[in-house]
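[1] pasting a predicted model and its sequence here:
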Amino acid sequence: MNHLLAVAVNERLNEAFEGPRGVGSMFTDPNTAILETLEQLSSEEASMSFHGTTVAAHADHTRFYLWGTNKVLKKGKQPDMDWGESWRITSVNETQWNRIQDGLKNEYFTLMKNIDSVDWNTQTINEALGSLAHSAYHLGAIRQMVKSVKDSQ
């Protein structure tokens, strides 16, 4: 059972962050996953504000909660987290934007490795599934914001 759970969670996280292989899958189409979507944006586009937030803030918030999930899966407890801090980004330059994307990729790939080696219990299952749902939510929010970015040009 644990092996099947790890495989299923990894497949859905992969879909959310890297996209489906071939045609559409459970909830994404080709070139619409988080990492692919962010790579298409300049720092100026990532800094455009919509309803008080930016794609850069969503991306960094995603990196932040994946970091927290990785800590829970490795250490068994939630680290101290300043959730408000993860939303304070209002604009980024190219260097900052690249750093956010690299940090997000690092936390995502770390999570994929952690899921393969985690001792599954109620806490770790809830943490992994919560991060999957949280990632799907932010994927949708980012995709809607990117549509507004592209429509405004």
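    Looks like it arrived, so ask away. Here the structure is a predicted model, which is why all the values come from computation and not from measurement.

[2] if you count contacts, what does the longest helix belonging to the chain end up packed against?
    Taking DSSP state H as the criterion, the chain has its longest helix at helix 122-151. Judged by 3 or more Cβ pairs under 8 Å, 6 or more residues apart in numbering; DSSP states H and E, helix 122-151 is in contact with helix 2-17, helix 34-39, helix 55-75. Glycine gets a C-beta too; all of them are placed from N, C-alpha and C.

[3] next, the buried residues of it.
    By 16 or more other Cβ atoms under 10 Å, the buried positions in helix 122-151 come out as 124, 127-128, 131-132, 134-136, 138-139, 141-142, 145-146, 149.

[4] ditto for stretch 3-12
    In stretch 3-12, counting by 16+ other Cβ under 10 Å, buried: 5-6, 9-10, 12.

[5] between those, which is nearest residue 82?
    Of all those, residue 9 has the smallest distance to residue 82: 26.6 Å, by Cβ to Cβ.

[6] which strands or helices does the helix or strand bottoming out on mean pLDDT in the chain pack on?
    Within the chain, no helix or strand scores below helix 2-17, which has a mean of 90 by mean pLDDT, DSSP states H and E. When contacts are defined as 3+ Cβ pairs under 8 Å, 6+ apart, helix 2-17 sits against helix 34-39, helix 94-117, helix 122-151.

[7] residues contacting that helix, please?
    For helix 2-17, contacts defined as Cβ atoms under 8 Å, 6 or more residues apart in numbering pick out 25-28, 33-35, 108, 111-112, 115-116, 118, 120, 125, 128-129, 131-132, 135-136, 139.

[8] keeping just the C-alphas, turn it into PDB.
    The C-alpha trace of helix 2-17 is given here as PDB (Å, rounded to 0.1, in the frame of the first residue of the first chain):
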ATOM      1  CA  ASN A   2       2.700   2.500   0.900                       C
ATOM      2  CA  HIS A   3       4.500   1.900  -2.400                       C
ATOM      3  CA  LEU A   4       1.200   2.600  -4.300                       C
ATOM      4  CA  LEU A   5       0.600   5.700  -2.300                       C
ATOM      5  CA  ALA A   6       4.100   7.100  -3.000                       C
ATOM      6  CA  VAL A   7       3.800   6.300  -6.700                       C
ATOM      7  CA  ALA A   8       0.400   8.000  -7.000                       C
ATOM      8  CA  VAL A   9       1.500  11.100  -5.000                       C
ATOM      9  CA  ASN A  10       4.700  11.400  -7.100                       C
ATOM     10  CA  GLU A  11       2.800  11.100 -10.400                       C
ATOM     11  CA  ARG A  12       0.300  13.800  -9.400                       C
ATOM     12  CA  LEU A  13       3.000  16.100  -8.100                       C
ATOM     13  CA  ASN A  14       5.000  15.500 -11.300                       C
ATOM     14  CA  GLU A  15       1.900  16.500 -13.300                       C
ATOM     15  CA  ALA A  16       1.400  19.700 -11.300                       C
ATOM     16  CA  PHE A  17       5.100  20.800 -11.500                       C
END
